[in-house]
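Participant: Give me a model of this one.
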Amino acid sequence: MAKILIVDDDPGIAVVASALLTAEGHEVETLESARDAAARLRRADVDLAIVDFDVAKREGLDLAEAITSTPALDETALIGVAFDVQQIPLELVDLAVQNPYATEELGANVRRVLQDEG
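Facilitator: Numbers count the residues shown, from 1 in each chain. Next up is the predicted model:
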């Protein structure tokens with residue numbers, strides 16, 4: 001299965017999403033800050049990043065821009081999550097999802113994005 005990184009400053013959401021995706025067989029890591037996620041992504045072994053664009057001060061947007069502009073991360077798919085989905089530049093993400101999202105939709109969205117990338 002896939003290695004997934006969840007970047008969300010709400011630990012409750014991250015825990016639920018992580019449990020759901022782990023139950024589906026994925027290896028999931030959660031981080032609360034975009035800065036920590038950028039450092040983690042330097043290892044370039046993540047198949048999918050789920051990034052909350054509502055994290056503090058453009059950090060989610062900055063992280064998405066870093067992912068899409070880093071050649072070593074070309075194979076990393078990106079799902080952007082935001083309360084106002086229109087704030088997510090569609091050219092940066094494989095899928096934009098409105099927050100809050102239904103957890104039962106998360107697995108289907110992950111499968112769809114990973115299948116499109118594969």
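Participant: how about low-confidence regions in this protein?
Facilitator: Scanning the chain for pLDDT under 70 picks out 56-57, 118.
Participant: Please name the residues that touch the residue nearest the centre of it.
Facilitator: For the chain, the residue nearest the mean C-alpha position is residue 50 (0.9 Å; C-alpha atoms, centre = their mean). For residue 50, the contacting residues are 4-8, 17, 78-79, 81, 110, by C-beta atoms under 8 Å, 6 or more residues apart in numbering. C-beta: built from backbone N, CA, C; applies to glycine.
Participant: swap in residue 13?
Facilitator: By C-beta under 8 Å, 6+ apart, residue 13 lies in contact with 52, 100.
Participant: Residue 25 now?
Facilitator: By C-beta under 8 Å, 6+ apart, residue 25 lies in contact with residue 1.
Participant: Look at it and give its secondary structure.
Facilitator: Three-state call for residue 25 (DSSP: H, G, I helix; E, B strand; the rest coil): coil.
Participant: Next, it: phi, psi?
Facilitator: phi 100, psi 0 (degrees, to the nearest 10).
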